[in-house]
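*Asks:* Sequence plus the predicted model coming up.
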Amino acid sequence: MLSLKGMKYSFVILFFFAFGMAFSQPLTRSYTTTVSAEGFYLQNPWAGGLNSCQISRIDANGDGNKDIFIFDRIGSRISIFINMGDVQGDTYYRYTREHNNAFPTGLTNWVLLRDYNCDGKEDIFTNYYSGIKLWKNTSTNGVLSFEPFDNGATIQSNYDFGSPFSAPIYTVSLDVPSITDYDGDGDLDIFSYTEQSTTVYFFKSMQSEEGNCETTSYICGNRCYGMFGESPESFSIIEGVDFDCGFNVTDPRSNDRLHTGSSICSIDLDNNGIKDFVIGDVSENNLGAIYFENAMNGLDSATVVQLDFPAQVGNSLPVNLPLFPCAYYEDVNNNAVSDLLVSPNAYATAEDVNSLWYYENIGGESTPNFQFTQDDFLQHDMIELGTGAYPVLEDVNGDGLKDLLITNRKYFDPITPSNNHTSRIFCYYNNGTPTVPSFDFNSNNWLPLATDTLDSKYITFGDDDGDGDKDLLIGVQNGYLVRYENAASTANGYAFSDNGELLKDNNGLTIDVGQFATPQWIDLNEDGLLDLAVGEKNGNVNFYANIGTANVASYDFREDTLGGMVATNILGIFGYSVPHFFKNEVNEWEVLLGTETGQVNHFSNVSGNLLGDFTLDTTDFEGINEGERCAVWFEDVTADGKRDLFIGQIGGGLGYYSSDTIISVNETLFNDIQVYPNPASTQLTIDAGSNWNEVTALELYDLSGRKVWAERVNARTTLVNLSNFSEGIYILKLNGTAVRKKIVIRN
């Protein structure tokens, strides 16, 4: 099983926000539908997965606590985890997307949040080509916002290599620089690798010297900081008598054999007042530590190099994280001492399931003692399948409830790193009720095959041979479709053959749509036979009409760009279309199209128009965009007559959008109120936190709007006896005006 273990809580804290208005949107991002694995509830099951993480902290919700901000280099995804403080002795983070829109679009390569103007609010430093752009944090009254600094210009520095000039601060887009107060004067200095990636620039901030925190002023203090160099061929450090580099020389080290890709994290490892470097390299699995001392000439100089970091800083497990590990120094356990987090900085061929290592610092800020804690920080509490996630709903255990099947593009195999065939079908049984789904992990290889070499699977079910049971069709990376016969004896049984057959068209030719085939068996022409709509890498949708019989399918190619649909794309080349056709309220076909950009394209005017152009209603369905290479499934799983939406993307996890109708209320935020356990069965604790004296009344409502419990508040903590409650979802109302929590009660 892949990274689905959880800390054994008996609860999961879950939230619902009404945002000061009646619930009017057709779909709302839901965090409340429970997912469990091996007896543990996942705390953030719908967080969408993580791959190449860059970690910062920021107060995203204005409650005074620093939350976790993660920028994922793969897919340029933002993930925010709200710091809920300690719950039963453990630090708890709640995933949310409610603040994502506050961040500017177009962030790419690397993003670090740092307070540049001394106002206590983290600003955005981000890569722009080979430079750095800055976005100023303009948040007020707890509402997060940013604006571009200097009209979006790159940050400049003064250089002097014989004659002075001004130019952008240089940082290679593949690298991650260090942005830190190096000299303790209250402003942010910058370290980045030079053009040849063998020595390090030191850009000193002059804000303190000039007495103006609101501007950026940098001078290039050194092109070979620390008097060390990194070998252009390998992860080898050159220092001491072997290093030869003049101060501020134009070409400190010339070598045509260059490597690009390095990261720097600044930590004072030995409490000497000089921040040392923890560095990663694009070609290595490990981290290196470079210790600096103040040399006789006043220049910081490398004195000790350790290439098994942090093994010698706490006798802990050294980093071994393919590929290109990058270190971050942030306090994530709320003890005011920064911890070490490590994640790959690579786009591919890197760990993508256990890709966020956490070392707790049991020492001090400048006397760290790192103890390895886990290799899947935050990931262990979410659906995490590696790279790519493609959801499909199907009742595979015959209990009348739609189960959740998810295929992935791949996952990194640490045992056999060269194993490219790691696409699997993951199964989560729906063990909830017809109105309240709840998913429980069943298998990470639901259809084990004798020789599984099918890459980037995408599945669809349908009875194309008229025998009363549903067969399985798998689209794969090479553009083929592989059919598996269902040998079950009942209509709702599933017993697939071990060996599939390549699907052929009516001329006996193997169907090949190019690359990354994403099929859907669907009777589009309403003749009682299952047709084929197949998306592909180029972004179009292929259509094969079934001209056979109920018992013998025969697929006739009709169109390579069905309805004129082309998925939105990044460079105007591909699109990675994933079609999902569904019937609307008047029984006509519509389609949601997953795309390379992460937008969900919505088309109508499908029924009776298979040879014409469909109507593009929007390229951005419901404004939902959770990440690149997305795929959606749109089906009613709450028995309210309204469809709910599951969406996967390149990060290897899922998001869930519910159409549940919730009571209409206005919201007043109470920042530190906690409700636990959640789900609950016998007793519920409501902790009003520091605001308890502002809360005069507590009420619980069911989803129909019926008040089921109420109590006046005379203490910070209130206990609710649940013995007479029915199983379901409930809303907590405060002072008669505010919805703050969505509570799941299980009998």
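*Replies:* Ah, there it is. Numbering: from 1, shown residues only.

*Asks:* Sticking with the residue nearest to Asn109 when sequence neighbours are not counted, tell me its helix or strand.
*Replies:* Nearest residue to Asn109 in three dimensions, chain neighbours excluded: Asn127, at 3.9 Å (C-beta to C-beta, 6 or more residues apart in numbering). (C-beta placed from N, C-alpha, C; glycine too.) Following DSSP states H and E, one finds Asn127 within strand 123-128.

*Asks:* the strands in the stretch 201-350 of the chain, which residues?
*Replies:* For the stretch 201-350 of the chain, the strands defined by DSSP state E, counting those that start in this stretch cover 218-222, 228-230, 237-239, 262-267, 276-281, 287-294, 300-309, 325-330, 339-344.

*Asks:* coming back round to it: pretty sure the residue nearest to Asn109 contacts Ser173?
*Replies:* Yes - contact between Asn127 and Ser173 holds when scored by C-beta atoms under 8 Å: they sit 5.2 Å apart.

*Asks:* Please enumerate the shared neighbours of those two.
*Replies:* Thr108, Asn109, Trp110 (C-beta atoms under 8 Å, 6 or more residues apart in numbering).

*Asks:* from the residues you listed, which is closest to Val591?
*Replies:* Thr108 (29.9 Å; C-beta to C-beta).

*Asks:* before we move on, what SS does that closest one have?
*Replies:* At Thr108 the chain is in coil, as set by DSSP: H, G, I helix; E, B strand; the rest coil.

*Asks:* Between Asn127 and Ser173, point out the one with more neighbours.
*Replies:* Asn127 (23 against 14; other C-beta atoms under 10 Å).

*Asks:* Return the set of residues that bridge with the more buried one.
*Replies:* Beta bridges link Asn127 to Ile132, judged by DSSP bridges.

*Asks:* is it true that Leu50 lies in a strand?
*Replies:* No - counting by three-state DSSP, Leu50 is not found in a strand; it is coil.

*Asks:* And for it, the neighbour number?
*Replies:* Neighbour number of Leu50 under other C-beta under 10 Å is 26.

*Asks:* pretty sure it contacts Gln379?
*Replies:* Yes - Leu50 is within contact range of Gln379, at 5.5 Å (criterion: C-beta under 8 Å).

*Asks:* Overlap of the contact sets of these two?
*Replies:* With C-beta under 8 Å, 6+ apart as the test, Leu50 and Gln379 both reach Ser355, Leu356.

*Asks:* List the contacts of Glu635.
*Replies:* Leu393, Lys402, Phe582, Arg643, Asp644.

*Asks:* Now do stretch 148-165: distance to the chain's middle.
*Replies:* Distance of stretch 148-165 from the chain centroid (C-alpha atoms, centre = their mean, to the nearest Å) equals 34 Å.

*Asks:* which SSE is the spatially closest residue to Tyr93 that is not a sequence neighbour in?
*Replies:* Excluding the flanking residues, the one nearest Tyr93 by C-beta to C-beta, 6+ apart is Phe81, at 3.7 Å. Element membership for Phe81 (DSSP H and E) is strand 77-87.

*Asks:* what about the stretch 301-450 of the chain, any weak spots by pLDDT?
*Replies:* For the stretch 301-450 of the chain, the stretches with pLDDT under 70 are 450.

*Asks:* I figured Thr422 hits Gly386, correct?
*Replies:* Yes - the pair formed by Thr422 and Gly386 meets the contact definition of C-beta under 8 Å, at 7.0 Å.

*Asks:* OK, contacts around Asn420?
*Replies:* Lys410, Asp455.

*Asks:* from here on, count from 226
*Replies:* Taking 226 as the first residue, the last one we looked at is Asn645.

*Asks:* number of nearby residues for Asn939?
*Replies:* Asn939, neighbours per other C-beta under 10 Å, totals 9.

*Asks:* typo on my end, Thr844
*Replies:* Thr844 has 14 neighbours, counted by other C-beta under 10 Å.

*Asks:* Over to it: give its phi and psi.
*Replies:* Thr844 adopts backbone torsions of phi -90, psi 0, taken as degrees, to the nearest 10.
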